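# How does the following fold in three dimensions:
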Amino acid sequence: MTIREPDTLQRFIFEHVPVRGTVVHLDNTWRTILERRHYPPPIRDLLGQLMAAASLLATTIKFDGRLTIQAKGHGPVRLLVVECTSQQTLRAIAQWQGEIPDSPLAGGSTALLGDSQLAITIEPDEGVRYQSVIEVDAPTLSEVLEHYFARSEQLATRLWLATDPSRAAGMLLQRLPEQSLHNVDDWDRISHLGSTLSREELLDLPVPALLHRLYHEDDIRLFEGQAVSFHCSCTRSRVKSALRLLGLDEVRSILAERGQVDVDCEFCGLHYEFDRVDAEQLFATSTVTLASPIRH
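Numbers count the residues shown, from 1 in each chain. Take a look at the predicted model:
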């Protein structure tokens, strides 16, 4: 019996049809996020889906750097942020206000965001930062991202996402760009078969068994899996940059009130302290780099 590999992403291609796919399973990676903060079940599920989606989307881009998906809403959930690097390390956080019912909201999972937008940002280690902003205009995150690929990338794409209290998973199918189907019905057939995948199968089945369950009549090449893990990119240097963005007057105000500046990374909970001497050194240079979300 084949055992499903935890925290693994696997790519595959159809040998005779110009379609590629990816399956990701998040286990310890997902639980590490949940250990740092308690999320009401509907928010937990939406954040887990966004993590699986970010991992899958990162495989559609050839780059070294990071991809960030950020949702800002005017509903109960005000902010969702997931960052995935090209090495498949992930971190994530959600912010909300008010009481969140344990049961799913009417109108689909994205109803938690209310009137909102999704920003997909690609930051290569070398090159130009790119961002695409899309409206959250569908009841599920899968549909929102499928619309994004159809409108912005002109690529036929299907996504399936699933979570439970200890796991998150996703599958992506995509027509290869600049290649035509020999049989125009192939994409519809492959997409339809993908839609028969149940939530439990996506979460439980090893990738070879999952693909055999869906596509046993197709020739599929399955590539070696890539490890996925939690990693926070916060550093003292990046926190310094965030404080510079606050400005000297604000930092001095905090020092006057508390005697030091305390900063916690909202992604991993790491604590940073800055005294008056640190603050003087902080503004001795004007160099500013991208800051991580923080609270003080």
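
# Tell me where the model's unsure across the stretch 101-250 of the chain.
The stretch 101-250 of the chain contains residues with pLDDT under 70 at 104-107, 178-184.

# can you map out the strands along it?
Taking DSSP state E, counting those that start in this stretch to define them, one finds strands in the stretch 101-250 of the chain at 117-124, 130-135, 157-164, 167-175, 220-222, 226-227, 229-230.

# can you put these in TSV and add distance to S55 and mean neighbour count?
(Each C-beta comes from the backbone N, C-alpha and C, glycine too.) Below are the strands of the stretch 101-250 of the chain laid out as TSV (distance: least, C-beta to C-beta, whole Å; neighbours: other C-beta atoms under 10 Å):
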stretch	distance to S55	mean neighbour count
strand 117-124	13	17
strand 130-135	18	13
strand 157-164	10	22
strand 167-175	7	25
strand 220-222	17	14
strand 226-227	10	14
strand 229-230	11	17
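
# Which among these is found nearest to L248?
With C-beta to C-beta as the criterion, L248 lies closest to strand 117-124 of these, at 27.3 Å.

# what pairs with the nearest residue to L145 once chain neighbours are set aside across the strands?
Leaving aside its sequence neighbours, L145 sits nearest to L159 (C-beta to C-beta, 6 or more residues apart in numbering; 5.5 Å). L159 forms beta bridges with L172, as assigned by DSSP bridges.

# Just to check, L159 is in contact with H147?
No: judged on C-beta atoms under 8 Å, L159 makes no contact with H147 at a distance of 10.5 Å.

# Which pLDDT value goes with S292?
S292 carries a pLDDT value of 47.

# no, scratch that, I was asking about R4
For R4, the pLDDT comes out at 86.

# In space, what's closest to it - neighbours in sequence excluded?
P206 (4.2 Å).

# what ranges do the helices span in this structure?
28-36, 41-58, 141-148, 185-195, 199-204, 207-215, 236-246, 248-258, 276-282 (DSSP state H).

# Packing partners of the longest one?
Looking back up the chat, that one is helix 41-58. Judged by 3 or more C-beta pairs under 8 Å, 6 or more residues apart in numbering; DSSP states H and E, helix 41-58 is in contact with strand 19-26, helix 28-36, strand 65-72, strand 77-85, strand 89-96, helix 141-148, strand 157-164, strand 167-175.

# cool, and the last one?
Helix 276-282 makes packing contacts with helix 236-246, helix 248-258 when contacts are defined by 3+ C-beta pairs under 8 Å, 6+ apart.

# what number of residues lie near the closest residue to Y272 other than its chain neighbours?
Once flanking residues are discounted, Y272 sits nearest to V263: 4.4 Å by C-beta to C-beta, 6+ apart. V263 has 21 neighbours, counted by other C-beta atoms under 10 Å.

# mind checking the backbone torsions on C268?
Backbone torsions for C268, taken as degrees, to the nearest 10, come to phi -120, psi -10.

# Tell me how far the residue nearest to L145 lies from T22.
The gap separating L159 from T22 is 10 Å, by C-beta to C-beta, to the nearest Å.

# And for V207?
With C-beta to C-beta as the criterion, V207 and T22 are 10 Å apart.

# any shared contact partners between these two?
Taking C-beta atoms under 8 Å, 6 or more residues apart in numbering as the contact rule, V207 and T22 both touch 10, 12.

# re the thing from before, most tightly packed of the helices of the chain?
helix 41-58 (a mean of 24; mean count of other C-beta atoms under 10 Å).

# I'd like the average pLDDT over that helix.
Mean per-residue pLDDT for helix 41-58: 95.

# tilt between it and helix 141-148?
Angle of helix 41-58 versus helix 141-148, following axes from the mean of the first three to the mean of the last three C-alpha atoms, to 10 degrees, is 40 degrees.

# and the closest residue in space to R175 that isn't next to it in sequence, what does it touch?
Nearest residue to R175, sequence neighbours excluded (C-beta to C-beta, 6+ apart): A156, at 4.4 Å. Neighbouring residues of A156 by C-beta under 8 Å, 6+ apart: 149-150, 174-175, 187, 191.

# One more: S103?
With C-beta under 8 Å, 6+ apart, S103 has these contacts: P42.

# what's the distance between it and L172?
Here S103 is placed at a distance of 28 Å from L172 (C-beta to C-beta).

# Right, I'll call it a day here.
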